[in-house]
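**Student:** following is a predicted model, sequence given first.
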Amino acid sequence: MIAILLYLDPGAGSLILQIILGGILASGLFIKNFWQQFVSFFKRNKKS
């Protein structure tokens, strides 16, 4: 009974891998965007 509950087919493994990779990429983009906003907040505008 327990062996049936622990079975993962290849489709489930692929889905788990996509979730992990998507989370890594999304967090990377979030950090990049946050860092750009943080730096631009403290940067002075040279034109004015």
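**Tutor:** Now that the structure is in, tell me what you want to look at.
**Student:** just the mean pLDDT for the longest helix anywhere in the chain, thanks.
**Tutor:** Using DSSP state H, we find that the single longest helix of the chain is helix 10-42. Per-residue pLDDT over helix 10-42 has a mean of 93.
**Student:** tell me how far that helix lies from the chain's centre.
**Tutor:** In terms of CA atoms, centre = their mean, to the nearest Å, the centre of helix 10-42 is set 2 Å apart from its chain centre.
**Student:** how near is Ile19 to Ala12?
**Tutor:** Distance, Ile19 to Ala12, using CB to CB, to the nearest Å: 11 Å. (C-beta placed from N, C-alpha, C; glycine too.)
**Student:** typo on my end, it should be Phe30
**Tutor:** Phe30 sits at a distance of 27 Å from Ala12 (criterion: CB to CB).
**Student:** please apply the same query to Gln36.
**Tutor:** Relative to Ala12, Gln36 is positioned 37 Å away (CB to CB).
**Student:** again with Phe34
**Tutor:** Taken as CB to CB, the span from Phe34 to Ala12 is 33 Å.
**Student:** what sits against Leu8?
**Tutor:** Taking CB atoms under 8 Å, 6 or more residues apart in numbering as the contact definition, Leu8 lies against Ile16.
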